[in-house]
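Enquirer: Next one to model:
(chains A and B)
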Amino acid sequence: MKVHEYQAKEIFKKFGILTPKEKMCRSVEEVTAAAKEIGIPCVIKAQVMVGGRGKAGGIKLAKDEKEVKQHASNILSMEIKGIPVKKVLVSEAVDIESEAYLGIIVDRTEKKAVVMACKEGGVEIEEIARQRPEAIYKVYADALMGLMPHKAREIGLFLYEDPKMAFECASTTTKLYKLFVDLDSSLAEINPLVVDKSGRLIALDAKINFDDNGLFRHPDIEAIRDRESEDENELTAREQDLSYVRLTGNIGCVVNGAGLAMATMDLVKHFGGEPANFLDIGGSSSPEKVMNALRILLKDKNVKVIFFNIFGGITRCDDVAKGILEAKKTLNIQQPIVTRLTGTNEEKAIEMLREAGLIFAKTMDEGAQKSIELLK
Amino acid sequence: MSIFVDNNTRLVVQGITGRDGSFHTAQMLKYGTKVVAGVTPGRGGQEVEGVPVFNSVSEAVKKTGANTSVIFVPAKFAPDAIYESTDAGIKLIVCISEGIPAIEMVKVVAYLKDKDCRLVGPNSPGVVSPDDTKVGILPGHIFRKGNVGVVSRSGTLTYEIVDHITRAGLGQSTCLGIGGDPVIGTKFIECLELFAKDRDTEAVVIVGEIGGRDEQDTAAYIKKHFSKPVFGFIAGKTAPPGKRMGHAGAIIAGTAGTAAEKIKAFEDNGIKVGETPADVARLLKEHIK
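Expert: Reported below is the predicted structural model:
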């Protein structure tokens, strides 16, 4: 789960990490009032959960009141990567002396949390990791002991020559690590971490991604989810214990299991089609789950063919068939349905579906090919 | 021969009285697995499918000689279930439970580090050595005894590929799912180390997917240290970046962990990659005449 910069910064504050004086606003009027309170010049920043806001013109410095209004109205009416900007953050204009990168993730190879620091700020860390890995300084936290003070100091001393600033940075690193672990984050990032002209160490930007698997023990985090900026169907799917990701094609895929669901999308593409989505109905799928899956799928008006690819193990093919029949009856499905059902109770399922006017496929290759042919 | 599980496996099922635990206990017994005990705290003295239930794993180990455990408890309780089996002297833990927070798994693998105990999973479909022993939820009927080792990050996609292998007239020595989470107990390389020593394994199939760099590291390892032929498949060529594709570990971070990157790593290191699941069996069949 992702949160906005302003939400991440509120969390930073709770953990004692210094952030600029700021206020989240939803209208030009709110921005004007906030700018007066914070002081002009100020920075107006679009709050959308995609990268590249600056390049898209979503972050602007306003030098006077007129510019405050102008930028606020521009940014609040723009779209960034297709996402309309509904909120902005009005932020104190910080006089930047130096910029750096500080971030924490779980290193899957080492199976430990790793703190990464880079002397360049505002960078795309994956890019740096690929092109100049030597520019990134890494320190691993001990899984059971946590991030020991000397490890945090290592980060501070790498980034700053001035010992006072190095210790300040060590303290920020310790706080960021505590936040990372306490809140089950998958990413906690300060990019850039800046020193201003008066020698303050400030988190100028903030990014936190939360581990979906940890959300069950953080209802306060789940409560700040910005439902408006997430795909409605993806949210509904999650609430119904389904996993859905919308793509841009026209062949709607319904599959049991995440790996097979990905392989099904890939196969559709392999034979020259375009998958409309990733949809995993999970293991022990009841007819109800199949109905829910189809309800979500049908909200995507691009879907012209529905392709069921089920490899029955714990999932019983007859349960899936029952769901398809129910859905045909109640959901007024116009699109042709191609079914590939194999495994547990396969014969029973095919018997049930015989009269339902579906297209049968014996293998997933055949199913993908038939789905594509139907579009011609 | 085989790896991880065989006829010396004496299994205890943690969470045996739950819906999934009891259902799969029946399935595993039917397959021939020696399910010797079940554990659900507070339900000691009961029986499930004729298997005695104990209050703790250590009691189950003492009374039945269990050496392997399979975990079906909810994610919230799964880390403790793993610790409990480790402390009871269990040698192999297969964790089926899905949804354990990554930070918890970091602690779990650290705790297991110096112990004589291997963890497969979490979020694993299990391990099967065909015609012998099945631990987990894999559908028994698709497997056939043979000489291909299969190791995968997925569940149903593994079944799909195994089904093709079996239909091609080949069989498997051992097939296992290592789990779809970012932090897991056993990775591809550790499985390869065992497949290397297993006389019954002539070739290995690795089923990977987007996210992380396990496949890339494995490819480099194979070139240096693994002499048996390896075939690969990578799922998620059409997955968009930044989106979790079902599995907690299946996510492209920025531009890292893509299918293209992994396929390239495989091919650069001499591993043939199937374009489709059916292709994998075709490649194998061409190799094993």
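Enquirer: And the helices in the stretch 101-250 of chain B?
Expert: Taking DSSP state H, counting those that start in this stretch as the criterion, the stretch 101-250 of chain B carries its helices at B:102-112, B:156-167, B:188-197, B:214-225.
Enquirer: Identify, out of these, the most deeply packed stretch.
Expert: helix B:156-167 (a mean of 25; mean count of other CB atoms under 10 Å in any protein chain shown). In this view, the C-beta of every residue, glycine as well, is placed from N, C-alpha and C.
Enquirer: Give me the distance between it and the centre of its chain.
Expert: Centroid displacement of helix B:156-167 relative to its chain, using CA atoms, centre = their mean, to the nearest Å, is 15 Å.
Enquirer: Next, see if it gets close to chain A.
Expert: Yes. With CB under 8 Å from any CB of the partner chain as the criterion, chain A is reached by helix B:156-167 at B:156-160, B:163.
Enquirer: For that helix, output the C-alpha coordinates as PDB.
Expert: Written as PDB, here are the backbone C-alpha positions of helix B:156-167 (Å, rounded to 0.1, in the frame of the first residue of the first chain):
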ATOM      1  CA  THR B 156      -0.700 -23.700 -10.100                       C
ATOM      2  CA  LEU B 157       1.900 -22.600 -12.700                       C
ATOM      3  CA  THR B 158       4.100 -25.400 -11.400                       C
ATOM      4  CA  TYR B 159       1.200 -27.900 -11.800                       C
ATOM      5  CA  GLU B 160       0.700 -26.600 -15.400                       C
ATOM      6  CA  ILE B 161       4.300 -27.200 -16.200                       C
ATOM      7  CA  VAL B 162       4.500 -30.600 -14.400                       C
ATOM      8  CA  ASP B 163       1.400 -31.700 -16.200                       C
ATOM      9  CA  HIS B 164       3.100 -31.000 -19.500                       C
ATOM     10  CA  ILE B 165       6.200 -32.800 -18.400                       C
ATOM     11  CA  THR B 166       4.200 -35.900 -17.300                       C
ATOM     12  CA  ARG B 167       2.200 -35.900 -20.500                       C
END
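Enquirer: what packs against it?
Expert: Identification of packing neighbours for helix B:156-167 by 3 or more CB pairs under 8 Å, 6 or more residues apart in numbering or on different chains; DSSP states H and E yields helix A:258-270, strand A:305-312, strand B:145-152, strand B:172-177, strand B:203-209, strand B:230-235, helix B:277-287.
Enquirer: Next, the angle strand B:203-209 makes with it.
Expert: Inter-element angle recorded for helix B:156-167 and strand B:203-209: 150 degrees (by axes from the mean of the first three to the mean of the last three CA atoms, to 10 degrees).
Enquirer: And the contacts of helix B:156-167?
Expert: For helix B:156-167, contacts defined as CB atoms under 8 Å, 6 or more residues apart in numbering or on different chains pick out A:255-257, A:259-260, A:262-263, A:311, A:313, A:315, A:342-343, A:364, B:125, B:138-139, B:142-144, B:148, B:150, B:152, B:171-172, B:175, B:177, B:205, B:207, B:209, B:233, B:235, B:277-278, B:280-281, B:284.
Enquirer: again, 7 Å this time
Expert: A:256-257, A:259-260, A:263, A:311, A:313, A:364, B:125, B:138-139, B:142-144, B:148, B:150, B:152, B:172, B:175, B:177, B:205, B:207, B:233, B:235, B:277-278, B:280-281, B:284 (CB atoms under 7 Å, 6 or more residues apart in numbering or on different chains).
Enquirer: got it, and stretch A:31-47?
Expert: Counting by CB under 7 Å, 6+ apart, A:4-6, A:21, A:23-25, A:53, A:58-65, A:68-69, A:71-72, A:75, A:80, A:85, A:87-93 sit against stretch A:31-47.
Enquirer: ok, now stretch B:259-269?
Expert: So stretch B:259-269 is contacted by B:208, B:210, B:215-216, B:219-220, B:222-223, B:232, B:234, B:236-237, B:273 (CB under 7 Å, 6+ apart).
Enquirer: Contacts only, for B:Gly89.
Expert: With contact taken as CB under 7 Å, 6+ apart, B:Gly89 is in contact with B:Val61.
Enquirer: and the residue nearest to B:Ala253 when sequence neighbours are not counted, what element?
Expert: The shortest distance from B:Ala253 to any non-neighbouring residue, by CB to CB, 6 or more residues apart in numbering or on different chains, is to A:Glu126 (6.1 Å). A:Glu126 is part of helix A:125-131, with elements assigned from DSSP states H and E.
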